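# sequence first, then the predicted structure:
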Amino acid sequence: NAHFGVSHYAGVVNYNVTSWLEKNKDPVNETVVELFKSTSKIQLLVHLWREHPGQPTTTPKDDGKKKKKGGGGKTVSSVYLVSLGELMITLHSCEPHFVRCLVPNTHKKPGDVEPPLIMHQ
């Protein structure tokens, strides 16, 4: 019942995305988010996590007031849901008729690119 598979060093891993958002409510590790935002050389990671508060850089001061219970932190699925919503807004704001996929090489090897093939496409 897999919707797609990813091939990597251990073989093909198949994934089923039914109820993905409901099943992935794990909180995002604030330290990892801070690393993504501050040290990543991959601009996509920096962009995806730009609005997430990350780990506080200062300790909050306890002024004797009772703390309100929060509605939970951001989860992997909530960040994904926001990103998906932004993509859908972008897609609905234009008139795409198709999505063009490029084949990077003729021998289906990951990470291998044949520039003449790409230019031909």
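Yep, that arrived.
# buried ones in the helix or strand of the chain with the lowest mean pLDDT?
Lowest by mean pLDDT, DSSP states H and E among the helices and strands of the chain is helix 20-23, with a mean of 77. Across helix 20-23, burial judged by 16 or more other C-beta atoms under 10 Å covers no residue at all. To be clear about C-beta, it is placed using only N, CA and C from the backbone, and glycine gets the same treatment.
# run through who's touching it.
77, 80, 81 (C-beta atoms under 8 Å, 6 or more residues apart in numbering).
# give me that answer again for 10 Å
Identification of contacts with helix 20-23 by C-beta atoms under 10 Å, 6 or more residues apart in numbering yields 3, 16, 17, 75, 76, 77, 78, 80, 81, 84.
# quick one: residues contacting the first one.
Translated: residue 3. Taking C-beta under 10 Å, 6+ apart, one finds 14, 15, 16, 17, 18, 20 in contact with residue 3.
# show the pLDDT at the residue nearest to the first one when sequence neighbours are not counted.
Spatially, and ignoring its direct neighbours in sequence, residue 14 is nearest to residue 2 (3.4 Å; C-beta to C-beta, 6 or more residues apart in numbering). In this prediction, residue 2 carries a pLDDT score of 85.
# list phi and psi for residue 2.
The phi and psi values for residue 2, taken as degrees, to the nearest 10, are phi -80, psi 140.
# roughly how far does it sit from residue 41?
Distance, residue 2 to residue 41, by C-beta to C-beta, to the nearest Å: 33 Å.
# higher neighbour count, the two?
Neighbour totals were compared for residue 2 and residue 41, and residue 2 leads with 10 against 6 (other C-beta atoms under 10 Å).
# please report how far the more buried one lies from residue 76.
20 Å.
# and the most centrally placed residue in the chain, what element?
The chain has residue 80 as the residue nearest its centroid, 5.8 Å off, counting by C-alpha atoms, centre = their mean. Using DSSP states H and E, residue 80 sits in helix 76-92.
# which parts of that helix are buried?
77, 78, 79.
# from the residues you listed, which single one is nearest residue 49?
When these are compared for distance to residue 49 (C-beta to C-beta), residue 79 wins out at 7.6 Å.
# for the closest one, give me its contacts.
Residue 79 touches 28, 33, 48, 49, 51, 52, counting by C-beta under 10 Å, 6+ apart.
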